[in-house]
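Asks: mind folding the following:
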Amino acid sequence: QVQVVESGGGLVQPGGSLRLSCTASGTIFSIGAMYWYRQAPGKEREWVAHVTSSGEPNYADSVLGRFTISRDNAKNSVYLQMNSLKPEDTAVFYCMIDASLPARPWMEQQWWGQGTQVTVSP
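Replies: Residues are numbered from 1 along each chain as shown. Sure thing, here's the model as predicted:
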């Protein structure tokens, strides 16, 4: 199995910055794309950004130019640097990774973390 753990959330003022981290552990054969999603109160979970296995980043329009996603393959980790935060960024942020297990190396599965709260407020 694969465990995914996020960290780095917290309370920040508008215009501030936070850096989220996510690390995968367990019996992993390979990791593909790594993702960040978020879910604001009363709203559906939405995709924020992802980085491919080759390191290519992709962003939702709402965060383009403010957020930067990166990964460290040696640490099985993905990061989300969030700058110029706005109150509408308030949400629980979730990390999701595509990973395969040694028993089935050809089959990627999605593994989710428990989320980390980000609150942007004066």
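Asks: and for the residue nearest the centre of the chain, nearest residue in space, chain neighbours not counted?
Replies: With distances taken as Cα atoms, centre = their mean, the chain has residue 36 as the residue nearest its mean C-alpha position (2.8 Å). Nearest non-adjacent residue to residue 36, counting by Cβ to Cβ, 6 or more residues apart in numbering: residue 48, 4.4 Å away. In this view, the C-beta of every residue, glycine as well, is placed from N, C-alpha and C.
Asks: ok, the one you found to residue 37 distance?
Replies: Per Cβ to Cβ, to the nearest Å, residue 48 is found 6 Å from residue 37.
Asks: can you list residues touching both of the two?
Replies: residue 93 (Cβ atoms under 8 Å, 6 or more residues apart in numbering).
Asks: report the outermost residue of this protein with respect to its centre.
Replies: residue 103 (25.8 Å).
Asks: what about that one, distance to residue 30?
Replies: 13 Å.
Asks: cool, residue 61 as well?
Replies: 30 Å.
Asks: who has more neighbours, these two?
Replies: residue 30 (14 against 6; other Cβ atoms under 10 Å).
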